[in-house]
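**Q** could you look at this predicted model? Sequence included:
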Amino acid sequence: MNPVPTAEHGTPAKPRLTTSAMIASIASEGQRTQPAPFGHALIEAGKRDPRIVGLTADLAKYTDLHIFAREYPERFVQMGMAEQLLMAAAGGMAKEGFIPFATTYAVFATRRAYDFIHQVIAEENLNVKICAALPGLTTGYGPSHQATEDLALMRAIPNMTVIDPCDALETSQCVAAIARHEGPVYMRLSRGRVPLVLDDYDGQFEIGKARLLRDGKDVLVISSGLMTMRALEVADKLAQDRIEVAVLHVATIKPLDVDTIVAQCRRAGRLVVVAENHSVVGGLGEAIALALLHARVQPELRHVALPDAFLDAGALPTLHDRYRISLEAMAADVRAWLG
């Protein structure tokens with residue numbers, strides 16, 4: 001038996017709490033999930049189109065690309081820990097008529113390999129799909145692995161389509177859609193057991209289209225990625241206080257569905273909240289603010305996002321509370337903004 005840990009003066013110390021911070025699940029306790037939606041969807045896309053190939057930089061298991069690799073070993077390439085080479089090779093394969101799906105962590109794709117994506121892939125408008133895991137605050141490993149500025153970086157690249165799916169269902173739909181789409185795509189990727197949310201709502205993912213998931217007269221939340229899951233949870237919670245919350249899901253960050261967003265924001269009397277798992281700088285919030293400015297629409301606008309800072313390491317629930325993107329924190333902030 002291990003001895004009880006003690007503090008400096010001999011009193012019992014509190015046991016250390018541990019977490020698998022790198023691959024921690026974003027699902028709530030008891031929430032429905034699906035395993036590895038990206039990997040299984042890519043197999044289905046590969047059945048339909050033999051041009052699809054998978055590449056990764058030593059992270060097949062941690063992006064769920066290993067599932068595709070088992071099914072199609074002859075269409076899988078392991079590049080090793082060389083993200084710049086990964087993107088250059090994906091561009092070369094696209095020039096030869098393949099449809100490469102290149103996977104790695106979002107920090108490595110957008111920060112380490114940025115110039116290769118910009119010059120090799122985007123400038124020539126090559127048909128490469130970059131699927132990047134651990135976006136935003138979905139790992140507790142600190143700034144080296146928290147891709148809190150990936151949307152800002154990818155939005156700035158010409159020709160690049162940028163997608164932030166909500167859940168397992170939409171991830172599967174996105175894989176099929178981007179496989180058909182001609183041109184470079186950056187897609188945020190959740191791995192492992194991914195929450196299942198949108199099967200309760202009608203509609204199908206379409207590149208460049210926002211979806212109104214629920215309506216409400218008091219608040220409009222415009223969100224992407226896991227924050228759409230959070231917005232729906234907030235809507236249910238605030239409904240207990242007779243506060244009606246509409247949720248507009250914007251899975252495509254670029255090109256932005258400006259018409260739908262502006263039309264929803266024109267409705268008088270609603271607080272508008274943009275919610276994103278990304279820095280306050282350069283993401284969905286700034287894109288929407290600029291679109292509303294151009295349209296001369298001026299709702300009362302608030303922003304739920306990560307701060308312009310290097311974030312702490314730790315367990316995800318603690319970090320989500322600290323940075324105000326948890327259910328309880330977001331619900332409390334919306335109540336306060338309503339006055």
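**A** Received the coordinates, thanks.
**Q** tell me the helix or strand right after whichever helix or strand residue 87 is part of.
**A** Using DSSP states H and E, residue 87 maps to helix 83-95. Next along the chain after helix 83-95, taking DSSP H and E as the criterion, comes strand 99-105.
**Q** partner strands of that next one and their direction?
**A** Strand pairing for strand 99-105, using DSSP bridges, gives strand 52-56 (parallel), strand 129-133 (parallel).
**Q** kindly reformat the ones you listed as a markdown table containing mean pLDDT and distance to residue 62.
**A** Any C-beta I mention is one placed from the backbone N, CA and C, and that applies to glycine too. Output for the strands paired with strand 99-105, formatted as a markdown table (pLDDT from 0 to 100; distance: least, Cβ to Cβ, whole Å):
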| stretch | mean pLDDT | distance to residue 62 |
| --- | --- | --- |
| strand 52-56 | 98 | 9 |
| strand 129-133 | 98 | 6 |
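**Q** tell me which of these sits most buried.
**A** Ranked by mean neighbour count under mean count of other Cβ atoms under 10 Å, the strands paired with strand 99-105 are led by strand 129-133, which reaches a mean of 27.
**Q** which strands and helices lie in contact with the following helix or strand past that strand?
**A** For strand 129-133, the following helix or strand on the C-terminal side (DSSP H and E) is helix 150-155. For helix 150-155, the elements it packs on are strand 161-163, strand 185-189, strand 252-254, strand 271-279, judged by 3 or more Cβ pairs under 8 Å, 6 or more residues apart in numbering; DSSP states H and E.
**Q** and those: which comes nearest residue 58?
**A** In terms of Cβ to Cβ, the element of the helices and strands packed on helix 150-155 nearest to residue 58 is strand 185-189, at 15.9 Å.
**Q** and for the closest residue to residue 87 other than its chain neighbours, the neighbour number?
**A** Leaving aside its sequence neighbours, residue 87 sits nearest to residue 116 (Cβ to Cβ, 6 or more residues apart in numbering; 4.0 Å). Here the count is done by other Cβ atoms under 10 Å, and residue 116 has 20 residues near it.
**Q** ok, now residue 68?
**A** If you count neighbours by other Cβ under 10 Å, residue 68 ends up with 29.
**Q** got a list of what it touches?
**A** Neighbour list for residue 68: 39, 42-43, 46, 54, 75-76, 101 [criterion: Cβ atoms under 8 Å, 6 or more residues apart in numbering].
**Q** next one: residue 249
**A** Neighbouring residues of residue 249 by Cβ under 8 Å, 6+ apart: 166, 198, 210-213, 223-224, 228.
**Q** what residues are bridge-paired with it?
**A** residue 211, residue 223.
**Q** what's the pLDDT at it?
**A** Looking at residue 249, its pLDDT reads 98.
**Q** can you give me the buried ones in stretch 62-77?
**A** Using 16 or more other Cβ atoms under 10 Å as the test for burial, stretch 62-77 gives 62-69, 71-72, 75-77.
**Q** average pLDDT across that stretch?
**A** Averaging pLDDT along stretch 62-77 yields 98.
**Q** from memory residue 217 sits against residue 245, does it?
**A** No - under the criterion of Cβ atoms under 8 Å, residue 217 makes no contact with residue 245, lying 9.3 Å away.
**Q** tell me which of the two has more neighbours.
**A** Each of residue 217 and residue 245 has its neighbours counted (other Cβ under 10 Å); residue 245 has more, 25 against 12.
**Q** contact partners for that one?
**A** Residue 245 neighbours (Cβ under 8 Å, 6+ apart): 214, 216, 218-221, 231, 234-235, 238-239, 334.
**Q** can you flag which of the residues you listed belong to helices?
**A** 231, 234-235, 238-239, 334 (DSSP state H).
**Q** from the residues you listed, list the buried ones, please.
**A** Using 16+ other Cβ under 10 Å as the burial test, the ones in helices among the contacts of residue 245 include 231, 234-235, 238, 334 as buried.
**Q** okay, those residues in a markdown table with pLDDT and distance to residue 259 next?
**A** Below are those laid out as a markdown table (pLDDT from 0 to 100; distance: Cβ to Cβ, whole Å):
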| residue | pLDDT | distance to residue 259 |
| --- | --- | --- |
| 231 | 98 | 21 |
| 234 | 98 | 25 |
| 235 | 98 | 23 |
| 238 | 98 | 27 |
| 334 | 98 | 26 |
